[in-house]
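Visitor: My questions are about this predicted structure, shown below with the sequence.
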Amino acid sequence: MSSASLLSPSFRNGLRRCILQHQHQTTTTTTPTSITLRHKHQVRVILTRDLPEGQMRGIYAGEVHNVAAGYARNYLIPQKMAVYATPRNFERCGFIDPEIAAKEEEAAQKFAQEDEEENADLKAADVLRKYLRNKTVKLIRNVDPNVPTMCHPGHVSAMNIRDKLSKQLKIDLEEHETIQIRNEPVGGLDEMDEKERMQLIMNMDGVIGATTGPGLDDDDDDDDDDAAKGEDKEEESVEEEESTAAAAAVETAAADDTSSTDEAKDCDTKVKQLGDYLAKITLAGGYVVPLHFRVERR
């Protein structure tokens, strides 16, 4: 394009229209924004008198409103129609801050909900406690020919009890619900009342084992099912040996894991002696339920 055409009237007029159009667009887009920002600065005030237009707008003394800072500073406050919504002014006027009241109501509702959930956990624990009161979970194991009171091969773990509860009593515990077993036999469990059993399980420190989820100790309970079906003793012995090998592998892996949690460490306790034992089931909310289980000779 030549310099002569750039200086032509038509080119200059077109350029002028473009500039004016751009300025108009800039003005229309920035002006509303500046107005909006100007009105965004608001303050909270407590009305001490009805506004003159109160009958129409429904704004009366004792109410708390957000108003423009300039409206409060230049009109409401000087005319003694309102005061700033500060804790001291709320106290002077004898009013309760609605924001604080709303927070207190929200906290009360949250507390009521938590209390309701706690009551539900307590009710669930009571139902399970009553159901297990006269129940005994039986686990069958082979014994050592030289020591008839000891399981060999095999053992009983908290995981075995978890599986047995599911298969025998149709009680499926959640992963966060733990089972702790006392590794010492307890005599006279059948004659103990619930209060005595609760005292025992509350003093199980140092004599417990725990589990919080599925593991690889399931084969021991498979042996119980095989016994119920009357399978061959030789086959059952082979299955017990495989179970012991799998359990040993799990225990070795747990011992090698230096970053294991307390839950993994608690799984190390195993019961190998025949007899009556007591377990503690810990449910949601920290509620505990005693469980009587018996390790019997096959």
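Guide: Now that the structure is in, tell me what you want to look at.
Visitor: which residues in the stretch 1-150 of the chain form helices?
Guide: 3-6, 9-40, 54-57, 69-71, 87-93, 98-132 (DSSP state H, counting those that start in this stretch).
Visitor: Over the strand ranked longest in the chain, what's the mean pLDDT, rounded is fine.
Guide: Assignment by DSSP state E gives strand 288-297 as the longest strand of the chain. Strand 288-297 shows a mean pLDDT of 87.
Visitor: in its sheet, what does it sit against?
Guide: strand 136-141 (parallel), strand 275-282 (antiparallel) (DSSP bridges).
Visitor: Now the element after the shortest one, going C-ward?
Guide: With elements assigned by DSSP states H and E, the helix or strand that comes after strand 136-141 is helix 158-168.
Visitor: I would like the residues contacting stretch 94-101, please.
Guide: If you take CB atoms under 8 Å, 6 or more residues apart in numbering as the criterion, stretch 94-101 is touched by 46, 62, 64, 85, 87, 90. (Each C-beta comes from the backbone N, C-alpha and C, glycine too.)
Visitor: ChimeraX command for the buried members of those residues?
Guide: The command below creates a ChimeraX selection of those among these that count as buried (16 or more other CB atoms under 10 Å):
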select :46,64,85,90
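Visitor: Rebuild the contacts of stretch 94-101 as JSON lines, extending it with distance to residue 75.
Guide: Below are those laid out as JSON lines (distance: CB to CB, whole Å):
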{"residue": "46", "distance to residue 75": "15"}
{"residue": "62", "distance to residue 75": "19"}
{"residue": "64", "distance to residue 75": "17"}
{"residue": "85", "distance to residue 75": "16"}
{"residue": "87", "distance to residue 75": "24"}
{"residue": "90", "distance to residue 75": "21"}
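Visitor: which of the contacts of stretch 94-101 lies closest to residue 196?
Guide: The shortest gap between residue 196 and any of the contacts of stretch 94-101 belongs to residue 87, at 56.1 Å (CB to CB).
Visitor: Can you report how many residues neighbour the closest residue to residue 83 other than its chain neighbours?
Guide: Nearest non-adjacent residue to residue 83, counting by CB to CB, 6 or more residues apart in numbering: residue 89, 4.6 Å away. Residue 89 has 16 neighbours, counted by other CB atoms under 10 Å.
Visitor: could you check the distance from residue 89 over to residue 101?
Guide: Distance, residue 89 to residue 101, using CB to CB, to the nearest Å: 16 Å.
Visitor: so residue 140 touches residue 298, yeah?
Guide: Yes: contact criterion CB atoms under 8 Å: residue 140 and residue 298 qualify, at 5.0 Å.
Visitor: When those two are compared, which one has more neighbours?
Guide: residue 140 (21 against 16).
Visitor: Model confidence for the more buried one, exactly?
Guide: Residue 140 is given a pLDDT of 87.
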